[in-house]
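> Sharing a sequence plus its predicted fold:
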Amino acid sequence: MSTNSIDSLLHEDRHFPPSADFAANSVASASLYTDAKADRLAFWADRAREYVHWHKPFTEVLDWSNAPFAKWFADGELNVAYNCLDRHVEAGIGDRVAIHWEGENGDAVSLTYAQLTAEVKRAANAIAALGIGKGDRVAIYMPVVPEAVIAMLAVARLGAVHSVVFGGFSAESLRSRIDDAEAKLVITADGGWRKGKVFPLKSAVDAALANGTSTVSSVLVVKRGGNDVEWVDGRDLWWHDAVEAAEPEHVAQAFEAENPLFILYTSGTTGKPKGILHTSGGYLTQVAFTHKNVFDLHPETDVFWCTADVGWITGHSYVVYGPLANGATQLLYEGTPDTPHPGRWWELIEKYKVSIFYTAPTAIRSFMKLGRQIPQGFDLSSLRLLGSVGEPINPEAWIWYREVIGANVAPIVDTWWQTETGAIMISALPGLTTLKPGAAQTPIPGIRIDILGEDGTRVDPPQGGLLVVSEPWPSMLRGIWGDPDRYVDTYWSKFSKPEEGVYKYFAGDGAHVDTDGDIVLLGRVDDVMNVSGHRLSTQEIESALVSHHMVAEAAVVGAADEQTGQAVVAFVILKANQTDAQTADEASTMLRSHVASAIGAIARPRQIFIVAELPKTRSGKIMRRLLQDVAEGRPIGDTTTLADASVMQIIGDKLK
Ligand code: PRX
């Protein structure tokens, strides 16, 4: 970010205090901050008792004796699915709609809490009949259909561990995730609807399992796309056959608070995605607490809509576990925002009277580009709160969101968090916080955030630094699946001092505190890119590129992009003897599709530059900073550390 824009953020003087009406009815109260400050652990213990039903109450709050491996509420027992389902039915709200689902092709269904509970019970029996029990891993590779939520809850109900793989990932990405987690079962669909067409999913599962060495013994297939699928007898089963044949009753058993709930793979700085592990009691406590307070949820009257796919952490925490634990009514939508017309999202808000809407800045920017007349063609008056997540929201997009979608009255919460943090960590609390465009603002009560310089000391505003979480939190990741060393190295080595008992979680983000004391996020400081709010690793894309037989060497950078925040830009050296592509354009087109099929369409580079050299230091390290200058069309920075200073000149000249 340029110094100019930092200055403008520092001097942001548009402030939006909560309206008296909103403040009078808001869920969050100022005592949350004072209570958390007075006794952080007692605060979280109270939240755990308030938001979670414990089959066996806990007596311990935090066990940090084996830091940075945490245990929260460890001697308590609960069933996460029971918390999201049965308890609401028992409390007499079984008739409340849990999920209004709308398919992209117009199919629609609404499920009450009683119906959802019944579906999950049957599904749990069907999944148990396939030999799945506590601790077993189940991969879920689905479109956004109710069965995806039912499958996640059924797996959780059995004390098993789900690993949801976003349906846009390739067969190869799916395979590596299945293998890493040693999944026994895959739950998928024949296909799903996207951009007016059915995209196949089952065929990717078949390809992922084709080498025959997988640990998977069964594949459950939901019928959604109606497309033809190949069938492996003895392994594949239709979901509807298995679930219809299953017993309807299923009693939820209690599991210990630290029983693993899910693994979710996310990109890191190396090529191999990390299996982020989350457990049960602490996770549920923080997602339910934040969902209720950050979104000011009044479950009797609100209709909540989080537009994330269930394949991402936002879908786990704020489509599945947070809203359902709170007994909310929510909308679930399968398709893209612009199908069959660019006003589809606004049409859905009007149809279901959505009152709380949570989406990513990329989506907001793409709507801005289309113009305000599209949302203005719909009745959005039901909206009373807006949320943003996944990447920094620029003040212009924030103001547009407020004016055009929020009718100049709906508060906006800009929520900072990560796959690893499990739940929201920094956000305004509506009704309490005076809002400001472009700033995530304040750690939620019970969370301690610091901004540190490279030397580990706190930086004074307005200087920028690195964001750390200075105390363990209930929904924190419990590790990286199968790789405890990588967990410690990645997150806990930069600023921790184990000999002094000091552990600080390094998030990988840059941030600063502005003159009002608000936290402003500045983006990643490592080799992780953020494209449309999705995390991608530069190294993973480089590996995909060099796996192509034409490629000798590749370097990837995240270049600033007006719409997607960052975009993937690659620099590739072709092998001297390759004959597949006659021109650089041809090579670039082939390689862009190669990356999409190796990782998934979200990783497809916006541009690939075919070059003769890459800028390297004397020790052979690629200087991505210089490539980023080229990709962003800036004058090339300091080249004095290059082994061959003329390289950038050559690249720059060629690209002109
Ligand atoms: O860089 C931050 C950015 O997204 C990263 C986490 O990505 P992921 O694990 O995929 O989770 C995304 C959804 C929670 C962070 O390291 N990020 C997320 N929210 C914000 C953000 N950057 C700025 N402002 C946000 N509100």
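Now that the structure is in, tell me what you want to look at.
> what stretches of the stretch 551-656 of the chain score poorly on pLDDT?
For the stretch 551-656 of the chain, the stretches with pLDDT under 70 are 654-656.
> then stretch 123-135 to PDB, C-alphas only?
Output of stretch 123-135 as PDB, limited to C-alpha atoms (Å, rounded to 0.1, in the frame of the first residue of the first chain):
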ATOM      1  CA  ALA A 123     -27.600 -39.200   7.800                       C
ATOM      2  CA  ALA A 124     -25.600 -39.900  10.900                       C
ATOM      3  CA  ASN A 125     -27.000 -43.500  11.000                       C
ATOM      4  CA  ALA A 126     -26.300 -44.000   7.300                       C
ATOM      5  CA  ILE A 127     -22.700 -42.700   7.800                       C
ATOM      6  CA  ALA A 128     -22.200 -44.800  10.900                       C
ATOM      7  CA  ALA A 129     -23.300 -47.900   8.900                       C
ATOM      8  CA  LEU A 130     -20.400 -47.300   6.600                       C
ATOM      9  CA  GLY A 131     -18.000 -47.800   9.600                       C
ATOM     10  CA  ILE A 132     -17.500 -44.100  10.500                       C
ATOM     11  CA  GLY A 133     -17.100 -43.300  14.100                       C
ATOM     12  CA  LYS A 134     -15.300 -41.000  16.500                       C
ATOM     13  CA  GLY A 135     -12.000 -39.600  15.100                       C
END
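> neighbouring contacts of it?
Defining contact as CB atoms under 8 Å, 6 or more residues apart in numbering, one finds that stretch 123-135 is touched by 81, 138, 150-151, 153-155, 157-161, 184-185, 217-218, 220, 237, 239, 242-243, 245-248, 250, 255, 259-260. To be clear about C-beta, it is placed using only N, CA and C from the backbone, and glycine gets the same treatment.
> can you rerun that using 6 Å?
With CB atoms under 6 Å, 6 or more residues apart in numbering as the test, stretch 123-135 has contacts from 150, 154, 157-160, 185, 218, 242-243, 246-247, 250.
> Which ChimeraX command selects the buried ones in those?
Only the buried entries of these go into this ChimeraX selection, using 16 or more other CB atoms under 10 Å:
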select :150,154,157,158,159,160,185,218,242,243,246,250
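> Now pLDDT too, for the contacts of stretch 123-135, in a markdown table please.
Shown next, in a markdown table, are the contacts of stretch 123-135 (pLDDT from 0 to 100):
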| residue | pLDDT |
| --- | --- |
| Ile150 | 98 |
| Ala154 | 99 |
| Arg157 | 98 |
| Leu158 | 98 |
| Gly159 | 98 |
| Ala160 | 98 |
| Leu185 | 98 |
| Ser218 | 98 |
| Ala242 | 98 |
| Val243 | 98 |
| Ala246 | 98 |
| Glu247 | 98 |
| His250 | 98 |
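> Which members of the contacts of stretch 123-135 are positioned in strands?
Residues of the contacts of stretch 123-135 located in strands (DSSP state E): Leu185, Ser218.
> out of the contacts of stretch 123-135, which one sits closest to Ser470?
Gly159 (32.5 Å; CB to CB).
> ok and the residue in the stretch 101-250 of the chain nearest the ligand?
Closest to the ligand within the stretch 101-250 of the chain is Phe166: 10.5 Å, counting by CB to the nearest ligand atom.
> Excluding covalently adjacent residues, which one is nearest to the residue of the stretch 551-656 of the chain found nearest the ligand?
Across the stretch 551-656 of the chain, no residue is closer to the ligand than Gly565, which sits at 8.8 Å (CB to the nearest ligand atom). Spatial nearest neighbour of Gly565, chain neighbours left out: Glu391 (4.5 Å); criterion: CB to CB, 6 or more residues apart in numbering.
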